[in-house]
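*Asks:* Got a sequence here, can you build the structure:
(2 chains)
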Amino acid sequence: MDKMQDIRMRARQDLIIGFCLSLFSMGSYLFTYHFSSQQLESVPGDLGPAFFPRLFLLALLAVSIFIIVSSLRKMAKIPADDTPRPKLFQGLPFVMLILFMLYICLSLLVGYIPATIIYLGLTFYILGVRTIWQLATIPPVLSLVTYYLFQGLLDIYLPTSCLF
Amino acid sequence: MLAGIIGGWNAVLDINLLFTLLFSVPLGIVVGVLPGVGAMVGITVLLPLTFTMGPVVGISMLIAVYCGSFYGGSVSAILINTPGSPAAICTIMDGYPMARNGEAHRAMNAAVVASFLGGVISVILLTLCAPLIAAVALKFSYTEYFAIAIFGIIMVVTTSEKGSFAKGIAMGTLGLIISTVGQDKMGTAERFTFGILDLSRGLPLLPVLVGLFAISQALALTEKGTKPVHLQNMEKRTGLLASFKDVLGYKLTLLKSSLIGTAVGAIPGTGSSISTFVSYSEAKRASKTPEKFGTGYVEGIIASESSNNSVTGGALIPVLALGIPGDAITAIMLGAFLVHGLIPGPMLFIESLDFVNAIFATMMVTYVLVLFVGFYGAKIFASVLKIREAILVPVILVLSFLGAYSINSSLFDVGISCVFGVVGYILNKYNFPLAPIVMGLILGPIAEEGLRRSLMVSKGSWSILVTQPISASFLALSALIVFRKAYVLLFSKKQKPAAC
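*Replies:* Down below sits the predicted model:
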C-alpha cells in the first residue's frame, strides 16, 4: 500500500470510529434524561448525577465531529482510487473471537478442563501448530496446571459441568 | 524513617515473598522479551493469582513482573531488532548493531547491569520522595484532587503514543463516560445501568482491563501471524564484574539517565518511551563521540536501559503518594491495590506504612534478582523468542478468561471482558490509543467527586477551583497544554499529501 492509499485508509478508519462515537454520544446523552432524579437537592451547589456524563458526552460529540470533518477533508484532498475499504473484523481474529466465545459456553457445559483441552487443541491447529507432541501435551498440561493453580491453591472455583 | 525502612526489609525476608519474587522476576522478563505481550498483558493476566495472597506478596509479585519486563524488552531489541516493549525502542539503535558485530552478550550484559543500576537509583529516589509528597498531599482537599485528576488525564491524552491529539481526547473522554456507569456515589441515581443489577457498582475495572489489553492484544497477535525469528549468534560471555566495569565507565550517563527516567516517570502520562528518548538524546548530545551513537555503541544501551528501568520507581511515586496513576500499567497496579483493600494516597503512609516500606524493599530485591536472573539466564530468555504466536495467543486467551472469571466467579465479568476486547482490538487497529480510556476510567470518579464536593463546600461557587494555589496551578497547566496542542492542531502548517 503506497502513502496515498495509507492516508486514505486511515481517514476512512477515523471516519468510521468518529461516526460510531458521535452516535454513541448522542444516544447516551438522550439516555441521561432517564436517570432517576433522586439526588442531593437539599445540598446547595451539587451538580447532580447527570452533570458529569452530559458534560463528557457533549465533549465526545464535539471531538468526534472534529474527527469526522478532518477525515472527510483528508479524503477530499486525495482522489478516489481502489484503496481497500477498512474492515472491522476479518479473518483469523474474527475466528479466534468466535472460538473464544464458544469456549466460554463450552466450559459451562462440560467443565473447565475438557473445554480448555478442546479449545487449546483446536486453536493451536487452526493457527498452524502441526507438531504432534505440542498438540498432544500442551493443552492437557496447561488445563491441569491452571486448574490446580486456581482451584487447588488459590480457592478460586472454575466453571464445572452442568451436564455431568 | 530508618526504623520503617528496616521494618520493610524485615518483611522481605519472608520465605513466601522471596519465592514469589524468584518466580515473578523470570516471568516478568519472559513477558518483556515477547514482542506484543509486554508488562501490560502480563500484569493483567497474572492479577487474579494475587487475590488470595496477602497484600505485600500479591503487590510484590506484580511489581516484580513490572520491573522484570522492562529489562526483558531489551533482549528482543538486541537480538531480533524488535523491542519487546516500547520502552526498549532506543536500545535497538545500538543493541542490534552490537549483536550484528558479534557483541550480543556484551550488549545484553550492559543492558542488564544498566537496568539494575537505573532501577536501584529510582527505588532510592522513590523511598525518599514518596513520603515527602504524601506528607504534602495530606493537606490536599477535594479541589486539589480534582485538579490533579484533570491534569493526569490531559497529560496522558497529549502524550499518547498512537494517533492524534483529537483521538487521545476522544478516548480519554470515553473513559470518563464509562467511569460514570453505575450508581451515583453521591446519591442513589442509577446511571447507564439499563436495569442490570451487576452494573450498579459500576463497570468492573479488572475485566475491562483484561479485555482492553489482554484479549485485544491476543486478537491483534493473531492477525500479525508468525514470522520466523533469526537470533544473532552470541559470543563467549564475560563475567559480571567485567560488565559492571563496562557500564561504570559511563557513570555520568548512567546517573543522568536514571534521574531523567525517575523524574519523567513521576509525571502522569509521560511513561518510559519519552524518558528513554530524552535520555538517549541527552547522552548523545553530551558525548565526546556522538557519531558513535547508533552504530553499536555501549553508551547508547546504558542511557536507554538505565532510563527506562528507572521509570518504574518514578511511576510509583504518584500512585503511592497521591493515588493517581501515571500510565496504564500503574493504573492496573492501582486496581490491584484496591482489590487488596488498600487505598493508595497519602493516608497509605499513615495507615499502612509497613506495607509501603515493604514495597520499597521488595523493589530493591527485585532489581537484584533482575541482575542475577537476567545475567545468568540470558541464553534461556533469548530462546523464549522462538515461542510462536500460534502457541501464545490461545494461552493468553485462556488466562484472560481465568482472569476475568476469577474476580467474582462471574460470567458477566467475562462478557464485559469480551466486549472490551472487541472494542480494544478495533480501536487499536484503527490507531486510537487505549491508555487514555483506562486513565479516564480510573481518574473519572476522583475528578467527579472532587468537583462536586468542592462545589458543595463553596455553595456552588466555581471560583473555589482557582482560589487555591495548587489546584489553580494544575488547572492552569492543563489549560495551557490543551490550548497549545489545539493551536498547533488548528493553525500549524499542514503537511501536504505526497504527489501521486
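*Asks:* Could you use CA atoms for every contact and neighbour count after this?
*Replies:* Fine.
*Asks:* mind checking the SS state of the closest residue to chain A within chain B?
*Replies:* Relative to chain A, the nearest point of chain B is B:Gly460 (3.6 Å; C-alpha to the nearest C-alpha). Following DSSP: H, G, I helix; E, B strand; the rest coil, the label given to B:Gly460 is coil.
*Asks:* Does it touch B:Arg453 like I think?
*Replies:* No: contact status for B:Gly460 versus B:Arg453: not in contact, 9.7 Å apart, counting by C-alpha atoms under 8 Å.
*Asks:* so what sits against both of these two?
*Replies:* Shared contacts of B:Gly460 and B:Arg453 (C-alpha atoms under 8 Å, 6 or more residues apart in numbering or on different chains): A:Asp46.
*Asks:* Between the two, which is the more surrounded one?
*Replies:* B:Arg453 (21 against 17; other C-alpha atoms under 10 Å in any protein chain shown).
*Asks:* In chain A, where's the longest helix?
*Replies:* For chain A, the helix that runs over the most residues, judged by DSSP state H, is helix A:3-31.
*Asks:* Could you list the low-confidence segments of chain A?
*Replies:* A:1, A:36-45, A:80-90, A:162-164 (pLDDT under 70).
*Asks:* Quick test: name the residue nearest the centre of it.
*Replies:* The C-alpha lying nearest the average C-alpha coordinate of chain A belongs to A:Leu97 (C-alpha atoms, centre = their mean; 9.4 Å).
*Asks:* A:Phe31 and chain B, how far apart?
*Replies:* 8 Å (C-alpha to the nearest C-alpha, to the nearest Å).
*Asks:* and that residue, how many neighbours?
*Replies:* 15.
*Asks:* give the contact list for it.
*Replies:* Listed by C-alpha under 8 Å, 6+ apart, the contact set of A:Phe31 reads B:Phe192.
*Asks:* hang on, B:Asp354 packs against B:Trp9?
*Replies:* No: using C-alpha under 8 Å, B:Asp354 is not in contact with B:Trp9, being 9.8 Å away.
*Asks:* okay, B:Gly38: pLDDT?
*Replies:* As predicted, B:Gly38 sits at a pLDDT of 77.
*Asks:* And B:Thr188, by the same measure?
*Replies:* 78.
*Asks:* tally of neighbours for it?
*Replies:* 16.
*Asks:* quick one, strands of chain B?
*Replies:* Secondary structure of chain B by DSSP state E: the strands cover B:182-183, B:190-191.
*Asks:* before we move on, the earlier item: for the residue nearest to the centre of chain A, give its distance to B:Leu427.
*Replies:* Distance, A:Leu97 to B:Leu427, by C-alpha to C-alpha, to the nearest Å: 16 Å.
*Asks:* Please apply the same query to B:Cys418.
*Replies:* 14 Å.
*Asks:* more neighbours, these two?
*Replies:* Higher neighbour count among B:Cys418 and B:Leu427: B:Cys418, with 25 against 21, using other C-alpha under 10 Å.
*Asks:* Tell me how many other residues surround the closest residue to the more buried one other than its chain neighbours.
*Replies:* Nearest residue to B:Cys418 in three dimensions, chain neighbours excluded: B:Gly211, at 5.8 Å (C-alpha to C-alpha, 6 or more residues apart in numbering or on different chains). The number of residues packed near B:Gly211 is 31, by other C-alpha under 10 Å.
*Asks:* Next up, the contacts around B:Gly211.
*Replies:* Neighbour list for B:Gly211: B:400, B:416-422, B:424 [criterion: C-alpha under 8 Å, 6+ apart].
*Asks:* now B:Tyr142
*Replies:* Contact analysis of B:Tyr142 by C-alpha under 8 Å, 6+ apart lists B:449-451, B:453-454.
*Asks:* Can you tell me which of those are buried?
*Replies:* Among the contacts of B:Tyr142, those buried by neighbour count (16 or more other C-alpha atoms under 10 Å in any protein chain shown) are B:449-451, B:453-454.
*Asks:* What's the separation between the closest residue to B:Asp354 other than its chain neighbours and B:Leu334?
*Replies:* In space, and not counting its chain neighbours, B:Asp354 is closest to B:Gly8: 6.1 Å by C-alpha to C-alpha, 6+ apart. Using C-alpha to C-alpha, one gets 20 Å for the distance from B:Gly8 to B:Leu334.
*Asks:* for chain A, what are the nearby residues on the stretch 151-300 of chain B?
*Replies:* Residues of the stretch 151-300 of chain B lying near chain A by C-alpha under 8 Å from any C-alpha of the partner chain: B:166-167, B:169-170, B:173-174, B:176-177, B:180, B:184, B:186-192, B:219-220, B:222-223.
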